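>>> Let's see this in three dimensions:
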Amino acid sequence: MKEKRIKIIKDGPYLVGGNIPLAKEKITEDEKGYLLKWEKIADFPKQETHSLCRCGESKNAPFCDGAHMKASCDLIETADNASLKSRAEKIEGEELVLFDVPKLCAAGHFCTRAGGAWDLVRTKSDDPEKNKIAIQEACDCPSGRLVMVDKKTGQEIEPGFEPSISVVEDEVAGVSGPIWVKGKIQIEGSDGTLYELRNRVALCRCGQSNNKPFCDGSHIAVRFSDNQNI
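Okay, the predicted model is just below:
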């Protein structure tokens, strides 16, 4: 697998190919203790290929150790493969348009500051910070549930990610989070289906999502920990 790609193995792990950088990042508070930010914890050694656990039971997390062979969770893919915009709610403001697919929520916490991205887009205001905050909240969303578009140009406003993967630790909720895939890495289903190529997606690694392979925030409800977290 020289091409940068994530192949989902039926009833098994995510097979990552193409020498994609892998890091661990955490969701944490800033110096003032109330704004959220991303902070890198560590980089893993680069590998041409590796397998990432998606059952949540590996003793060598984030890597697969074969635990899926006896795992209690169901790893069948159930996600809708339609494009994001075809199934998104559209929130239109004076200068911005927000596309939102709630089913993709990975509970990253970033979207609620200053009234939340939705109200910030809708609300008429002369405050120059309003749109800036709304855009930042959408761009920090690891799952790409929220996509902001410049109303004047019609262009998506996206962070400039290079292809990379991060395993997420949620310091705020005290749990391990999803696998954050950045920079338009192709994800291939176990049956060969190619999921929509996107700049940001979050893949389940607790084994409990009802929208596999994507995260739906279930790691918080089950208090998932990879046993090597923060």
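>>> so is the residue lying closest to L96 once chain neighbours are set aside in a helix, a strand, or just coil?
The shortest distance from L96 to any residue other than its chain neighbours is 5.0 Å, reached at V121 (Cβ to Cβ, 6 or more residues apart in numbering). No exception for glycine: its C-beta is placed from N, CA and C like everyone else's. Using DSSP: H, G, I helix; E, B strand; the rest coil, the structure places V121 in helix.
>>> Could you find the closest non-adjacent residue to C73?
G207 (3.5 Å).
>>> residues contacting that neighbour?
Going by Cβ atoms under 8 Å, 6 or more residues apart in numbering, G207 touches 54-57, 71, 73, 75.
>>> how close does the residue nearest to L96 sit to C139?
Taking Cβ to Cβ, to the nearest Å as the measure, V121 falls 14 Å from C139.
>>> buried stuff in stretch 184-196?
Judged by neighbour count using 16 or more other Cβ atoms under 10 Å, the buried positions of stretch 184-196 are 185-187, 189, 195.
>>> What of stretch 167-177?
167-173, 175-177.
>>> related to what we said a few turns ago, which one of the contacts of G207 sits closest to R113?
Proximity of the contacts of G207 to R113, judged by Cβ to Cβ, is greatest for G56, which lies at 29.5 Å.
>>> What ranges does this structure have for its helices?
Here the chain has its helices, by DSSP state H, at 84-87, 117-122, 128-140, 218-221.
>>> Can you tell me who the residue most central in space within the chain pairs with across the strands?
In the chain, the residue lying closest to the centroid (Cα atoms, centre = their mean) is A202, at 2.5 Å. Beta-bridge partners recorded for A202 (DSSP bridges): W180.
>>> show me the contacts for it.
Counting by Cβ under 8 Å, 6+ apart, A202 touches 104, 106, 108, 142-144, 168, 177-181, 214-215.
>>> I'd like to know which of the residues you listed is nearest to L36.
L36 has its nearest neighbour among the contacts of A202 in G108, at 8.1 Å by Cβ to Cβ.
>>> This completes my enquiry, with thanks.
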